[in-house]
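1. For reference, the sequence and a predicted model appear below.
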Amino acid sequence: MSAPSKHLDEARAWLADAERPSYSREETETYAAIAQVHATLALVEQQRISNLIALDRHTELTGSPEDWQRERVLRADVREALGL
């Protein structure tokens, strides 16, 4: 996963395009649908980050020393996804 997702920016850009008065109704609906897809993908990525954080905490509380190494990998993944 690359640091932070651009799906939210894409959703905003497509939605802004959908609001142009020169577009036909079909074009407006198409751009709005594409914006919705990108917004949904942004939400999915946020849920994935949340799941990784929850898994990280679970591993920290219950894991073996071998899991602690895995925990560090997950933390790096979460940091990258958050753009830290």
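-> Arrived safely, thanks for sending.

2. From here on, just use CA atoms for contacts and neighbour counts.
-> Noted.

3. Which pLDDT value goes with His7?
-> pLDDT recorded at His7 is 91.

4. Could you report the neighbour count for it?
-> 19 (other CA atoms under 10 Å).

5. Where does pLDDT dip in this protein?
-> Low-confidence segments of the chain (pLDDT under 70): 1-4, 58-75, 84.

6. Looking at it, which helix is longest?
-> Secondary structure of the chain per DSSP state H: the longest helix is helix 25-62.

7. Buried residues of it, list them for me.
-> Along helix 25-62, these residues count as buried under the neighbour rule (16 or more other CA atoms under 10 Å): 28, 31-39, 41-42, 45, 49, 52-53, 56, 59.

8. So which elements touch that helix?
-> helix 7-18, helix 65-82 (3 or more CA pairs under 8 Å, 6 or more residues apart in numbering; DSSP states H and E).

9. go again using 6 Å as the cut-off
-> For helix 25-62, the contact count by 3 or more CA pairs under 6 Å, 6 or more residues apart in numbering; DSSP states H and E identifies helix 7-18 as packing neighbours.

10. helices or strands up against the helix it packs on?
-> For helix 7-18, the packing partners by 3+ CA pairs under 6 Å, 6+ apart come out as helix 25-62.

11. what distance separates the helix it packs on from the middle of the whole chain?
-> Distance, stretch centre to chain centre, for helix 25-62: 4 Å (CA atoms, centre = their mean, to the nearest Å).

12. now the angle between helix 7-18 and it, please.
-> 170 degrees (axes from the mean of the first three to the mean of the last three CA atoms, to 10 degrees).

13. can I have stretch 29-36 written out in PDB, keeping just the CAs?
-> Below are the C-alpha coordinates for stretch 29-36, written out as PDB (Å, rounded to 0.1, in the frame of the first residue of the first chain):
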ATOM      1  CA  GLU A  29     -24.300  10.600 -13.200                       C
ATOM      2  CA  THR A  30     -21.300   8.800 -14.600                       C
ATOM      3  CA  TYR A  31     -18.800  11.200 -12.900                       C
ATOM      4  CA  ALA A  32     -20.800  10.900  -9.600                       C
ATOM      5  CA  ALA A  33     -20.700   7.100  -9.800                       C
ATOM      6  CA  ILE A  34     -16.900   7.100 -10.300                       C
ATOM      7  CA  ALA A  35     -16.600   9.500  -7.400                       C
ATOM      8  CA  GLN A  36     -18.700   7.100  -5.300                       C
END
